[in-house]
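J.: Sequence isn't available, so here's the structure alone:
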C-alpha cells in the first residue's frame, strides 16, 4: 500500500515562499543602446559563464562546460575563450 503525500503546514509555507521568490526574481531586461553595457566573465576550471548587463539588470547570459583540453589552459585563456564563445552563439549575440 502506497503512502499518500502529506502536504502539511511547513511544506505549504515552503512552497509559498518558493513561488514568491520565483515571481520576484530578476528577469532579463531589454537593452538601451544609449547606455553602456557591462560584460561579466567567469571561468572556473571546468566551465565558463558570461553575463551581459546594464544598470545592474541582466540582459543576456551564457554558460558552458569546458572540454578537457580547455580545462587545462590558464585562467586568462579560459576567460578569453568565454568572451569569444559568447559572441558566436545566436541566443547571446542577438542582444549584443
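T.: Looks like it arrived, so ask away. Note that the structure is a prediction, hence the values are computed from the model and not measured. Residues are numbered from 1 along each chain as shown.

J.: for the residue nearest the centre of the chain, phi and psi?
T.: Centroid check for the chain by C-alpha atoms, centre = their mean gives residue 61 as the closest residue, at 5.1 Å. Dihedral pair for residue 61: phi -150, psi 160, per degrees, to the nearest 10.

J.: wait, it sits on residue 52?
T.: Yes: using C-beta atoms under 8 Å, residue 61 makes contact with residue 52 at a distance of 7.2 Å. Every residue, glycine included, has its C-beta placed from N, CA and C.

J.: quick one on the thing from earlier: the residue nearest to the residue nearest to the centre of the chain when sequence neighbours are not counted in helix, strand or coil?
T.: Spatially, and ignoring its direct neighbours in sequence, residue 61 is nearest to residue 51 (4.9 Å; C-beta to C-beta, 6 or more residues apart in numbering). Following DSSP: H, G, I helix; E, B strand; the rest coil, residue 51 is assigned to strand.

J.: Could I get the phi/psi values of residue 70?
T.: According to degrees, to the nearest 10, residue 70 has phi -80, psi -30.

J.: That one and residue 36, how far apart?
T.: Look at residue 70 and residue 36: by C-beta to C-beta, to the nearest Å, they are 30 Å apart.

J.: Scan this structure for its longest helix.
T.: Criterion DSSP state H: the longest helix present in the chain is helix 9-24.

J.: Could you name the helices and strands sitting against that one?
T.: Counting contacts by 3 or more C-beta pairs under 8 Å, 6 or more residues apart in numbering; DSSP states H and E, helix 9-24 is packed against no other helix or strand.

J.: got the contact list for residue 7?
T.: Shown in contact with residue 7 (C-beta atoms under 8 Å, 6 or more residues apart in numbering): residue 15.

J.: again with residue 84
T.: Contacts of residue 84 (C-beta under 8 Å, 6+ apart): none.
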